[in-house]
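Colleague: Provide a 3D model corresponding to the input given below.
(chains A and B)
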Amino acid sequence: MDNFPEIVTFRITSRCSQNCSFCYGPKNIPELDFSEARSIFALLASKGAKAITITGGEPLIRNDIEKIFSEIKSLGLKIFFGLQRRPIFQT
Amino acid sequence: MDSNADLFFKHNDAIDKYVDMLGLPLDKVDNKNQTGHSNPEHIIKVLNYYKNLPQERKRPKLKIGTVVTRQNIDRLESIALLIKNFVIDYWKIYQFIPSGAVAKANQAYLQINEEEFLKAAGEILRSYGRDLKIIISPRRQRTNAYFLINPSGDVIMPQDRAGACDELNVGNIFDQDITTRWQSCVNEDKYLNNATDTFSYRWNSYPMPEIYNKIWRLSRKYNQKGQPYTEKHIEWLIGKSLSLTREEKMDEKIFIPFVLLHDVGYSATGRNNPFNRQSRKHHMMAGKQLAKKILRQVDYPADLSSKICNYIGIHDNWAFGDHQLYRRNKHLGLFNDLDFISMYSDACFGSMMKFLNSDSGQLLEYLKNNEKTVNRPFVCQASRRVLEESIKKIKIEYAPGL
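Modeller: I've put the predicted structure just below:
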């Protein structure tokens, strides 16, 4: 590998509605807002990344998740998206 | 509990439109007996949604992820039986990792060792590997193998030293020297293997230049008429080639189309025994002409096309006594290494047993004593590493006692 990695993993939130016993996700970390996250996506694309794995926490807990998807695709990047363990499905 | 799927179904249109691969966690199939794992019903709802989605509708590839712990290690088969009913692209089985405060706190009742993990996952692979694409991921594979960005923008490297799992803060994504810092701690082999195994298991989902995808699409109708395992064989080769050409600083523009097209000539020979010398000769000659046609269709640069077609026309010349060729030319040498090693892949091993009318032990013995290793030594350390990994994997599936 000469340059920047082609696949990067972005934990876009540490929030999650579950508390799985084997979770190794981040806890209580302040998250970037959309414009800050957007600048990261642009930076990653400019450095040569080809795909972003979006994970968390639970990514779907973010209200701007669809804007995030759209932004990443507009930069020509692929999105690998990992749902967390039974995250958002609260009764 | 039925309402729990609301957020997925709130975003499903956007997920289908934008997302290329969707990972779904599934660690058990019901709510009985297993503590520490949560409810699978919601994931099954999502799987049912994709099962019933009209075929023409755009959708992401689906990956199931299962974390194996002390609590579910004896119930993996029930997960296999469940997901067999759905269309998933692959199933990744992970060993539990005691990283992070929660997992560490629960380590005592969740942890399993690698031997236990490989035994349980290997049994699943042997029993269900024909129906499901399965990737086994032991804990050690995660060490120094990712480029992780935390919610705050810090770049993190997972590490597993002396049994303790932690995350090293490499710097901030906006730091000028973040690439250099990351490169100073990444294990490139593991990073590339992980990226290749995970994201290019169906290699054509891997982000590659569109030109290769065009070549692949044009070659498929020929490959499908070839040997029954040709497409899987090429997928396996491409997965390895994408990382090895970079690692070995070789010309990908030559090597990747060479790999994609090298067996198109079997469309002209029919599904004969590939060990038949006449078939072998014929497929090289026919392949050279077909490759020329395909590369012309995609306007591939003439000088590169000429080299690629030449390689296709001679790539199996070892069968006719020319071994020096592979020592003189690294493209042909590396190709020959991978072509040989692919016999140890799950894409080819079963077919080889049929062609050679042998069992797994006999085939392993045949490959171990193959003249390849004497006449055409492996051209680089990376080839030897891939060989060792492939032997290890195939033994888990076919010959656990050997």
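Colleague: burial measure for residue A:72, as a count.
Modeller: 25 (other C-beta atoms under 10 Å in any protein chain shown). (C-beta placed from N, C-alpha, C; glycine too.)
Colleague: In what element of secondary structure is it found?
Modeller: helix A:65-74 (DSSP states H and E).
Colleague: next one: residue B:122
Modeller: helix B:114-128.
Colleague: So for that helix, mean pLDDT?
Modeller: The average pLDDT for helix B:114-128 rounds to 88.
Colleague: From the chain's centroid, how far away is it?
Modeller: With C-alpha atoms, centre = their mean, to the nearest Å as the basis, helix B:114-128 stands 17 Å off its chain's centre.
Colleague: returning to that earlier point: which residues does the helix holding residue A:72 contact?
Modeller: Helix A:65-74 is contacted from outside by A:12, A:34, A:37-38, A:41, A:52, A:54, A:59, A:62, A:79, B:11, B:14-15, B:17-19, using C-beta atoms under 8 Å, 6 or more residues apart in numbering or on different chains.
Colleague: switch to 10 Å and redo it
Modeller: Applying C-beta atoms under 10 Å, 6 or more residues apart in numbering or on different chains, the contact partners of helix A:65-74 are A:10, A:12-13, A:34, A:37-38, A:41-42, A:44-45, A:51-52, A:54, A:58-60, A:62, A:64, A:77-79, A:81, B:7, B:10-11, B:13-15, B:17-20.
Colleague: just stretch B:110-117 next, same as before
Modeller: A:21-22, B:35-37, B:67-73, B:93-98, B:103-104, B:118-120, B:136-140.
Colleague: same thing with stretch B:282-290?
Modeller: Contacts for stretch B:282-290 (C-beta under 10 Å, 6+ apart): B:218-219, B:222, B:226-227, B:261-270, B:272, B:274, B:276, B:308-317, B:319-320.
Colleague: Quickly find the element holding the spatially most central residue of chain A.
Modeller: Nearest residue to the geometric centre of chain A (C-alpha atoms, centre = their mean): residue A:54, 3.1 Å. Residue A:54 is part of strand A:51-55, with elements assigned from DSSP H and E.
Colleague: partners of that strand in the sheet?
Modeller: strand A:7-11 (parallel), strand A:78-82 (parallel) (DSSP bridges).
Colleague: Just the angle for that strand relative to helix A:65-74, thanks.
Modeller: 170 degrees (axes from the mean of the first three to the mean of the last three C-alpha atoms, to 10 degrees).
Colleague: Of all the residues in stretch B:359-376, which ones are buried?
Modeller: B:360, B:363, B:364, B:367, B:372, B:376 (16 or more other C-beta atoms under 10 Å in any protein chain shown).
Colleague: re the thing from before, out of the contacts of stretch B:282-290, which end up buried?
Modeller: B:218-219, B:222, B:226-227, B:261-269, B:274, B:308-309, B:311-313, B:315-317.
Colleague: wait, what's in contact with residue B:380?
Modeller: Contacts of residue B:380 were listed using C-beta under 10 Å, 6+ apart, and they are B:244, B:247, B:248, B:250, B:330, B:333, B:334, B:337, B:386.
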